[in-house]
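S.K.: Based on what follows, work out the 3D shape:
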Amino acid sequence: MNATMLDRMRAYFDDQQITSSTSLINQWIEALSAQLENELGRYLQATSRTVYIDVPGNERVFYVMGYPITTITSITTDASRTFTGSALDSTSYDTTSLAYAQGRIELDAYPPKGNATIKVVYTGGLATTVDTLISSYPDIAAAVERQIYYWWGTRGFVGMAGRDGSEIGPGAQRLMQTLTWHQAHGDLLPEVWQIINKYRTFVPRW
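M.R.: Residues are numbered from 1 along each chain as shown. Sure thing, here's the model as predicted:
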């Protein structure tokens, strides 16, 4: 899911720029949203997910990438990884609002060790839609928009588009895709990193 939308970029660009470079701006939005999600270590979109969790040792606390958690549909543990047995009763794991807010799966008993011995079906993430994300986390949307506007200001120097804002051709499109990812990895503004550090996770998640 994207962190902002094309219409909001009209606050930064005039109609001619939006019209002539719609595909370029949309690709920037998509690329930066994906990179933002990767840097945050959490999902932007709140949707139903199924994850399989490894248990390397005596552990019973785990974290998922889709948080805050809205609901946990089921948690099943199985050393054979067939998961044909009954799911755990909801009283056997933490369902407090704090656990949901942190994306924490805390079991009362130690699960079987091994790869993918826990199956969790849950719904979680920052927001269900782009509109909801923007209204609930306006600083995330604003950071993405400022970064795109910065890229726009430097586009002529990296061959992404003409200085007149004209659409770029197929060959330049391929170059643009490479440069976009390079920028997303190494050319983020300090204020964008501030937002990333505000919302990012620092624990391993599934």
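S.K.: Show the subsequent helix or strand relative to the helix or strand where T132 lies.
M.R.: Per DSSP states H and E: T132 is located in helix 130-136. Remark: after helix 130-136, the chain's next helix or strand is helix 138-158, criterion DSSP H and E.
S.K.: So which elements touch that next one?
M.R.: In terms of contact count using 3 or more C-beta pairs under 8 Å, 6 or more residues apart in numbering; DSSP states H and E, helix 138-158 is assigned the packing partners helix 22-40, helix 130-136, helix 170-186, helix 190-199. (C-beta placed from N, C-alpha, C; glycine too.)
S.K.: Show the secondary-structure elements that the longest one is packed against.
M.R.: Packing partners of helix 22-40 (3+ C-beta pairs under 8 Å, 6+ apart): helix 138-158, helix 170-186, helix 190-199.
S.K.: Comparing these, which yields the minimum mean pLDDT?
M.R.: Mean pLDDT is lowest for helix 170-186 among the helices and strands packed on helix 22-40, at a mean of 50.
S.K.: Adjacent strands (with direction) for the biggest strand by length in the chain?
M.R.: With DSSP state E applied, the strand covering the greatest number of residues in the chain is identified as strand 114-124. Partners of strand 114-124 in the sheet, by DSSP bridges, are strand 47-55 (antiparallel), strand 69-77 (antiparallel).
S.K.: which of those is buried the deepest?
M.R.: Of all the strands paired with strand 114-124, strand 69-77 has the most neighbours on average by mean count of other C-beta atoms under 10 Å, namely a mean of 17.
S.K.: related to what we said a few turns ago, can you tell me what sits against the helix holding T132?
M.R.: With C-beta atoms under 8 Å, 6 or more residues apart in numbering as the test, helix 130-136 has contacts from 1-5, 8, 44, 126-127, 140-141.
S.K.: From those residues, list the buried ones, please.
M.R.: 1-5, 8, 44, 126-127, 140-141 (16 or more other C-beta atoms under 10 Å).
S.K.: hang on, the earlier thing: just the contacts of helix 130-136: which are in helices?
M.R.: 140-141 (DSSP state H).
S.K.: that older thread, tell me the one of the buried ones among the contacts of helix 130-136 nearest S97?
M.R.: The closest of these to S97 turns out to be L126 (C-beta to C-beta; 16.4 Å).
S.K.: quick one: pLDDT of the nearest residue to that closest one once chain neighbours are set aside?
M.R.: Spatial nearest neighbour of L126, excluding adjacent residues (C-beta to C-beta, 6 or more residues apart in numbering): L44 at 5.1 Å. Listed pLDDT for L44 reads 97.
S.K.: L44 and M1: what is the separation?
M.R.: L44 sits 5 Å away from M1, going by C-beta to C-beta, to the nearest Å.
S.K.: and if you look at R60?
M.R.: Note on R60: its distance to M1, by C-beta to C-beta, is 31 Å.
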